[in-house]
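Asks: Quick one: sequence plus predicted model below, questions after.
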Amino acid sequence: MGTIRLTQFAAGGGCACKIGPGELEGLLAQIEMPGSDTLVVGLEHGDDAAVVRIAGDQLVLSTADFFTPVVDDAFDWGRIAAANALSDVYAMAGHPVLAINLVGWPRDVLPMELLGEVLRGGATVAALAGCPLAGGHSITDPEPKYGLAVTGLVSPEDLMRNDAAVAGLPLSLTKPLGSGILNNRHKATGEVFPEAISVMTALNREAARAATAAGVRAATDVTGFGLLGHLFKMMRASGVAARIDASAVPVMEGARESLRDGFVPGGSQRNLEWVRPHLGGGADEDALLLLADAQTSGGLLVVGEVPGAPIIGEVVAAGGPVIHVQ
């Protein structure tokens, strides 16, 4: 099993295999989704999880996330996919209370023992999060896929949303960028990037707790739509704009070199083209591609200060481009 390169069994990898944000929004706009008086957060702004109110004003978060292999190591892929799915709950200041597995597996091509390693990786991260992992659903699939459906809880006074940003506050980012580019290089060459694996398997739990303690009300996680895509969604939903200092944005070692060598995922390029009409400033194309890079299990983008996280910009009043990058 050690010689099997999982990334070679999928056309895409990680969150870079998401359907493009523009295409997805156009499709969803044609469909009327049922709602209810108990629905607090739905599809309207593309937030990280759906939120419903139950008895006693307790809020329940529900989300699901799965993707094709982002690394060749089965155990690491399981860990990354689980951390990524749990992140949607943390991004809204919740704590996960239950997760179930989502699996697609080419059982006639890849050994089931390898799937066992994927599931073991997911279980390891769920245990680290203190979240029960019980059952799930599996299908035979030409491409391997893995992730979790996660249920979480959050108090109304703690809920962080992507439509609550206000002008005058700083923007913080809790993990460096570059996983999409590095994963693309890994898929093409087999090179392993330990920092990328460490970043992608790290939970956003402590960052969410720090944001909650600081009174943050607006946040999102940076995943498949890249920093620029998720920031654009947040600014648009909140009716404000943002200024970003590209030089202040943390980037993983090797990402800039890999970008210059041409290892740019198609998803990252789609992200940039989607937000380009809403960009201003003098940043060059490489800087914009890094900011649009499709992240897998990225950090939290927080409107406010988080101890230990770099401030990469600020929220400003609407007027002019939605995002100004300098």
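Replies: Looks like it arrived, so ask away.
Asks: any chance you could map the strands in the stretch 1-150 of the chain?
Replies: 39-41, 50-53, 59-67, 95-105, 133-140, 145-154 (DSSP state E, counting those that start in this stretch).
Asks: can you tell which of the ones you listed is closest to residue 81?
Replies: strand 145-154 (4.9 Å; CB to CB). In short, each C-beta sits where N, CA and C put it, glycine included.
Asks: what mean pLDDT would you report for the closest one?
Replies: Averaged over strand 145-154, pLDDT sits at 97.
Asks: what helices or strands is it leaning on?
Replies: strand 59-67, helix 74-90, strand 95-105, helix 112-128, strand 133-140 (3 or more CB pairs under 8 Å, 6 or more residues apart in numbering; DSSP states H and E).
Asks: Same question for the next helix or strand after it: list its buried residues.
Replies: As assigned by DSSP states H and E, the chain's next helix or strand after strand 145-154 is strand 170-173. For strand 170-173, the neighbour count (16 or more other CB atoms under 10 Å) marks 171-173 as buried.
Asks: ok, now stretch 118-131?
Replies: Neighbour-count burial for stretch 118-131, counted by 16+ other CB under 10 Å, picks out 118-119, 121-126, 128-129, 131.
Asks: could you dump that stretch to CSV, C-alpha only?
Replies: Extracted C-alpha coordinates of stretch 118-131, given in CSV (Å, rounded to 0.1, in the frame of the first residue of the first chain):
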residue,chain,number,x,y,z
VAL,A,118,-8.3,6.9,5.7
LEU,A,119,-11.0,6.2,8.2
ARG,A,120,-8.4,5.8,10.9
GLY,A,121,-7.0,9.3,10.1
GLY,A,122,-10.4,10.8,10.3
ALA,A,123,-11.2,9.1,13.6
THR,A,124,-7.8,10.4,15.0
VAL,A,125,-8.7,14.0,14.3
ALA,A,126,-12.3,13.6,15.5
ALA,A,127,-11.0,12.2,18.8
LEU,A,128,-8.6,15.2,19.1
ALA,A,129,-11.6,17.5,18.6
GLY,A,130,-13.6,15.6,21.3
CYS,A,131,-16.3,14.8,18.7
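Asks: ranking the strands of the stretch 1-150 of the chain by burial, who's on top?
Replies: Most buried of the strands of the stretch 1-150 of the chain, by mean neighbour count (mean count of other CB atoms under 10 Å): strand 145-154, with a mean of 22.
Asks: Point out the one among the helices and strands packed on strand 145-154 that comes closest to residue 191.
Replies: Between residue 191 and the helices and strands packed on strand 145-154, the shortest separation by CB to CB is 14.2 Å, and it involves helix 74-90.
Asks: Give me the mean pLDDT for the closest one.
Replies: Taken as a whole, helix 74-90 has an average pLDDT of 97.
Asks: tilt between that helix and helix 112-128?
Replies: Counting by axes from the mean of the first three to the mean of the last three CA atoms, to 10 degrees, helix 74-90 lies at 40 degrees to helix 112-128.
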